[in-house]
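Participant: how does the following fold in three dimensions:
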Amino acid sequence: MIPMTLAEIAEATGGIVADGADPASLVTGDLSFNSKMVSSGGLFCCLPGKHADGHDYAQQAVDGGAAAALATRPVGVPSVMVGNVLTAMADVARVVAHRYTGTVIAITGSAGKTSTKDMLRQILTEDGPTVATPKSYNNEIGFPTTVSRVRQDSRYLVLEMGARGKGHIDELCKIAPPRIATVLGVGSAHIGEFGSREAIADAKAEIVRALPAHGVAVLNGDDPLVAAMRADTDARVITFGTGMDCDVRARGVKIDEEGRPSFSLRYGPKVARVQLAVHGRHNVTNALAAAATAFAAGVPFGRIAVALQRAQLTSGGRMDVHRHGQLTLINDSFNASPESMEAALEALEDVAGGRRMVAVLGEMAELGDEAAAWHDRIGRRVAKAGVLQVVTVGGKYADALGEAARCVSSEVSVTRAGDAQEALEMVRGLIKPGDTVLVKGANALNLGVVAEALLNS
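Facilitator: Predicted structure coming up:
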C-alpha cells in the first residue's frame, strides 16, 4: 500500500486511533480480511462473517505481521476504531487511489471480465509494474483490497468492476476513478435483478460516465448496447470486435486441433498473426478487449501481439483444459450465464474434435422470469452440439435443461444430481476412455470439486 499513518487512516475513515496505538505508526502493507493471509505492515480488517468475527482474530493477524487492525470495538492490539469496517475499507482505498499517480484501468461486462483481466495483466506487466484484481475480487470487499495493493512505482492498476444493481459501479469508480474504462458486453447475467438487458447496459455504462475528458473508453463494437455507450462520454473511444468498423479487430479466425483460436490482429495499418494459448473461440473477444485496452494505455503494438500469444487464464475455473490420461477435461466451473454456457458448449465441440462428449451442467442463477426459457435454450444447444451424456445439477431448472435436450435428440442420456458430490458419483460411472468432459455451472453449486476430483482420480 502507498504508506499511510494510523492518524491518516483515522482521518480518512472518521475513526479514532485506539488500543494504545501510536498515531504516527505507518501502514505499508495491504488491506486484508483473513488473519492467516496478512501482509507485513498491513491493515487487518475485522469483518463480521456468518461463522466467525474478524475481531476475534485481530491478535493472530498482528502476530502474523499486520501493523494494526480496523475494527468497530477494542481488540487488544493497535487499531483504528470505526463505525463500519466495510465502509472504512472503501475510505482507505479512496485515499490510496487519490495518491496513486499511475494509470487506473477499469473493466466491466456481463461475462469475460476475469479472463480479459488475466490477459491484460500479462500484457501490461511487459510494459511496467502492474497490480490487478486477483481472481474475481470485484465486490465491495475485494475491490478496496485490490486498490490497497498498489505501490508508488506501479505503472498500472487494473480493476474488475462487477454490478449487482444500479449505482454499484458508480460507487466503485468514486473510490478509484478510472482513466481507461473497458466494457466487454451486455448479457443476461443478473437479469433477474436488473429486469432487462437495457437496464444492465445502463448500469454498465456508469463506468464510461466516470471517465474524464482526457480518458479512453474501450468498447465492444460488436455489441450494439455497448457501442452505444460512446454517447455517454466525452472521452476518446476505441472499439474492438470482428466488424470492419472496429478500431481493433480480428480477421481470419481459425481454431486448431486443441480448440485454441488464432487470428490476424489489426490496429490501424499494423497487422500481426496471433495464436492464443487459451481455449475457446469466445476468448478472441476477450483477447481483443485486452489488446485494445493496452493500446489505450500506450503499449506498443509488437509488445501486445507477443504478450497475447503467451497469455494464460490464471484465475482458475475458466476454460481450463486438462489432458488426464485418456480423458480431456474442460473446467469452466467458476460461474455460468446463458452466454457463457453457449460459449463453453461451442468450446467443448472444438476441443473434442469429434470425440465423445460428456457435460456436467449446473443451473444458472439470477435469471428471474427468463430462467425457464434460458434453460430450455441451453438444453437444446446441448443436444445440437452432439453431447451424448449430460449430468444436470440443481432443481427444477436443471430438469428443464435436461428435458429440452431430450426433446431435440433421443440419443442424449440425461441424469440429474442434487449437488456436486452426487454429480461426481454419476459422471464417474458415465465417462469412458477418450471422452471430453465439460464441467460448467453457477459458482454456488461448487462444481469445481467435480473437476478437481476427476483430475485427481
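Participant: buried set for the worst-scoring helix or strand of the chain on mean pLDDT?
Facilitator: Lowest on mean pLDDT, DSSP states H and E among the helices and strands of the chain sits helix 191-194, with a mean of 70. Burial within helix 191-194, assessed by neighbour count using 16 or more other Cβ atoms under 10 Å, is assigned to 191, 193, 194. In short, each C-beta sits where N, CA and C put it, glycine included.
Participant: what's near enough to touch the last one?
Facilitator: Right, the one you point to is residue 194. Counting by Cβ atoms under 8 Å, 6 or more residues apart in numbering, residue 194 touches 165, 166, 200, 203.
Participant: now stretch 416-428: mean pLDDT?
Facilitator: Along stretch 416-428, the predicted confidence averages to a pLDDT of 96.
Participant: in this structure residue 54 contacts residue 33, no?
Facilitator: Yes - A contact is recorded between residue 54 and residue 33 when judged using Cβ atoms under 8 Å, the distance being 6.3 Å.
Participant: how about residue 265, secondary structure?
Facilitator: Three states are possible here, and by DSSP: H, G, I helix; E, B strand; the rest coil the one that applies to residue 265 is strand.
Participant: is it true that it touches residue 253?
Facilitator: No - taking contacts as Cβ under 8 Å, residue 265 lies outside contact range of residue 253: 10.8 Å.
Participant: these two: who's more crowded?
Facilitator: Set side by side, residue 265 and residue 253 show more neighbours around residue 265, with 23 against 12, by other Cβ atoms under 10 Å.
Participant: what's across from the more buried one in the sheet?
Facilitator: Here residue 265 sits in beta bridges with residue 250, residue 272, as judged by DSSP bridges.
Participant: got the domain ranges for the protein?
Facilitator: Structural domains of the chain, as assigned by automatic domain parsing, span the residue ranges 4-84, 100-310, 320-456.
Participant: I'd like those laid out as TSV, including distance to residue 90.
Facilitator: TSV is the format used below for these (distance: least, Cβ to Cβ, whole Å):
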stretch	distance to residue 90
domain 4-84	9
domain 100-310	5
domain 320-456	24
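Participant: show me the shaky parts of the protein.
Facilitator: 189-190, 192 (pLDDT under 70).
Participant: one more pass at 50, please.
Facilitator: The model of the chain has no residue with pLDDT under 50.
Participant: what about the residue nearest the centre of it, which SS state?
Facilitator: Residue closest to the average C-alpha location in the chain (Cα atoms, centre = their mean): residue 114, at 2.8 Å. Classification of residue 114 using three-state DSSP returns helix.
Participant: got a list of what it touches?
Facilitator: 133, 135, 136, 160, 313, 315, 318, 334 are the contacts of residue 114 under Cβ under 8 Å, 6+ apart.
Participant: how does it look with 7 Å?
Facilitator: Residues in contact with residue 114, defined by Cβ atoms under 7 Å, 6 or more residues apart in numbering, are 135, 136, 160, 315, 318.
Participant: give me the number of residues near residue 453?
Facilitator: By the other Cβ under 10 Å criterion, the neighbourhood of residue 453 contains 15 residues.
Participant: now residue 255, which residues is it bridged with?
Facilitator: Under the criterion DSSP bridges, residue 255 forms beta bridges with residue 261.
Participant: can I assume it is in contact with residue 352?
Facilitator: No - taking contact to mean Cβ atoms under 7 Å, the distance of 11.8 Å between residue 255 and residue 352 leaves them out of contact.
Participant: isn't residue 9 right up against residue 27?
Facilitator: Yes - applying Cβ under 7 Å, one finds residue 9 in contact with residue 27, separated by 6.5 Å.
Participant: gap between the two ends of stretch 349-363?
Facilitator: The first residue of stretch 349-363 is 21 Å away from its last residue (Cα to Cα, to the nearest Å).
Participant: which residues are common contacts for residue 54 and residue 33?
Facilitator: Residues touching both residue 54 and residue 33 (Cβ under 7 Å, 6+ apart): 45, 47.
Participant: and residue 111, how far is that from residue 449?
Facilitator: Separation of residue 111 from residue 449 (Cβ to Cβ, to the nearest Å) stands at 23 Å.
Participant: more crowded one of the two?
Facilitator: Set side by side, residue 111 and residue 449 give different neighbour counts by other Cβ under 10 Å, the larger being at residue 111 (24 against 16).
Participant: thought that one was touching residue 183?
Facilitator: No - with contacts defined as Cβ under 7 Å, residue 111 does not count as touching residue 183, sitting 11.8 Å away.
Participant: in space, what's closest to residue 129 - neighbours in sequence excluded?
Facilitator: Among residues not flanking residue 129 along the chain, residue 154 sits closest, at 4.8 Å (Cβ to Cβ, 6 or more residues apart in numbering).
Participant: so what's the residue count around that neighbour?
Facilitator: As a burial measure, residue 154 scores 17 neighbours (other Cβ under 10 Å).
Participant: sorry, back to before: which of the contacts of residue 114 count as buried?
Facilitator: Neighbour-count burial (16+ other Cβ under 10 Å) applied to those gives 135, 136, 160, 315, 318.
Participant: closest to residue 248 among those?
Facilitator: Closest approach to residue 248 among those (Cβ to Cβ): residue 160, at 20.2 Å.
Participant: helix, strand or coil: sort out the nearest residue to the closest one once chain neighbours are set aside for me.
Facilitator: Spatially, and ignoring its direct neighbours in sequence, residue 160 is nearest to residue 138 (3.7 Å; Cβ to Cβ, 6+ apart). Classification of residue 138 into helix, strand or coil gives coil, according to three-state DSSP.
Participant: cool, residue 60 as well?
Facilitator: Criterion first, three-state DSSP; result for residue 60: helix.
Participant: wait, it touches residue 37, no?
Facilitator: No - taking Cβ under 7 Å as the definition, residue 60 is not a contact partner of residue 37, at 11.2 Å.
Participant: what's the span of stretch 30-49, first residue to last?
Facilitator: Distances were taken as Cα to Cα; on that basis the terminal residues of stretch 30-49 are 20 Å apart.
Participant: ok so, going back, how about the contacts of residue 114 in JSON lines, adding secondary structure and distance to residue 239?
Facilitator: Compiled in JSON lines, the contacts of residue 114 are given as follows (DSSP: H, G, I helix; E, B strand; the rest coil; distance: Cβ to Cβ, whole Å):
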{"residue": "135", "secondary structure": "coil", "distance to residue 239": "28"}
{"residue": "136", "secondary structure": "coil", "distance to residue 239": "25"}
{"residue": "160", "secondary structure": "strand", "distance to residue 239": "21"}
{"residue": "315", "secondary structure": "coil", "distance to residue 239": "26"}
{"residue": "318", "secondary structure": "coil", "distance to residue 239": "24"}
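Participant: using TSV, lay out the residues you listed together with distance to residue 70.
Facilitator: Formatted as TSV, the contacts of residue 114 follow (distance: Cβ to Cβ, whole Å):
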residue	distance to residue 70
135	22
136	23
160	23
315	27
318	32
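Participant: and the two most separated of those?
Facilitator: Across the contacts of residue 114, the two members that end up farthest from each other (Cβ to Cβ) are 160 and 318, 12.8 Å apart.
Participant: check contacts around residue 320.
Facilitator: Residue 320 is in contact with residue 331, counting by Cβ under 7 Å, 6+ apart.
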